[in-house]
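> Compute the structure for the input listed below.
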Amino acid sequence: MPRHPNDDSTLDVLTGGLRIGYARVSKQDQNLDLQIDALKAAGCTRIYEEKVSGANVQRIEQENMVKALRQGDTVVIWQLSRLGRNLAELISLVNQFEQMGVAFEVITEKYDTTTASGKLIFNVFASLAAYERERLIERTRAGLSSARARGRVGGRKPKIGEKEKREIAILLANPDMTVKDVASRFGVSRTTIYKHYTAPVAR
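Predicted structure coming up:
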């Protein structure tokens, strides 16, 4: 729930914002006590508790937290794996925090975007995500060329799972990659790609 504009009783004296914790269960650990204790010890005065896990599960509490964030706040998590489903999502969220003027801190990895070393680590993560995206695009193009040379299109079992959905999103983020090429890459129809890729696609 968004805080009242006049709620300044728990503001951090250095950042002018709140230290907000986010805790999420995993398939291996359904108990949040360890994370919550660590977040409280780190000075968090408000903690959002996500009690669902899974790659395709909507994270309501994370959405509520992002909506409630204000400039000067600091998002604190126990471990990097608690925030994003994958590296690309993690980078996207931290970028969003930065654009909002919100700092980001990880307790176990000693990661803090307000420090020079923390920003350096984040830049390394972003570079790795970009590298993986380029590798996926290159593999897709190479696979299409090979299939066409053999007189067929695709060649991959028509299956769209969570991993494939993430790859589709990455590929379609490239303006040079068409829906037809992506469909061929996975051995499915254009309609299937439109069905599984929820963002608007005009190509």
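> Quick check: mean pLDDT of the strand or helix carrying residue 181?
Per DSSP states H and E, residue 181 falls inside helix 179-186. Averaging pLDDT along helix 179-186 gives 80.
> which helices and strands does that helix pack with?
helix 116-149, helix 162-172, helix 190-196 (3 or more CB pairs under 8 Å, 6 or more residues apart in numbering; DSSP states H and E). The way it works is simple: take the backbone N, C-alpha and C, and place the C-beta from them, glycine included.
> residues in contact with residue 77?
21-23, 39, 83, 105-107 (CB atoms under 8 Å, 6 or more residues apart in numbering).
> quick revisit: comparing the helices and strands packed on helix 179-186 by mean pLDDT, which bottoms out?
helix 116-149 (a mean of 68).
> re earlier: select, from the contacts of residue 77, the two members most distant in space.
23 and 105 (13.6 Å; CB to CB).
> Please say which of these two ends up with more neighbours.
residue 23 (24 against 21; other CB atoms under 10 Å).
> Setting aside sequence neighbours, what's the nearest residue to the more buried one?
residue 35 (3.9 Å; CB to CB, 6 or more residues apart in numbering).
> between the helix holding residue 181 and helix 162-172, how big is the angle?
Helix 179-186 runs at 150 degrees relative to helix 162-172, counting by axes from the mean of the first three to the mean of the last three CA atoms, to 10 degrees.
> Buried ones in helix 179-186, by neighbour count?
Using 16 or more other CB atoms under 10 Å as the burial criterion, the residues of helix 179-186 that qualify are 179, 181-186.
> Likewise for stretch 163-182?
164-172, 177-179, 181-182.
> Looking at these, which is nearest residue 79?
Relative to residue 79, and with distances defined as CB to CB, the nearest of the buried residues of stretch 163-182 is residue 166, at 20.6 Å.
> contacting residues around that closest one?
86, 88.
> redo that, cut-off 6 Å
Shown in contact with residue 166 (CB atoms under 6 Å, 6 or more residues apart in numbering): no residues.
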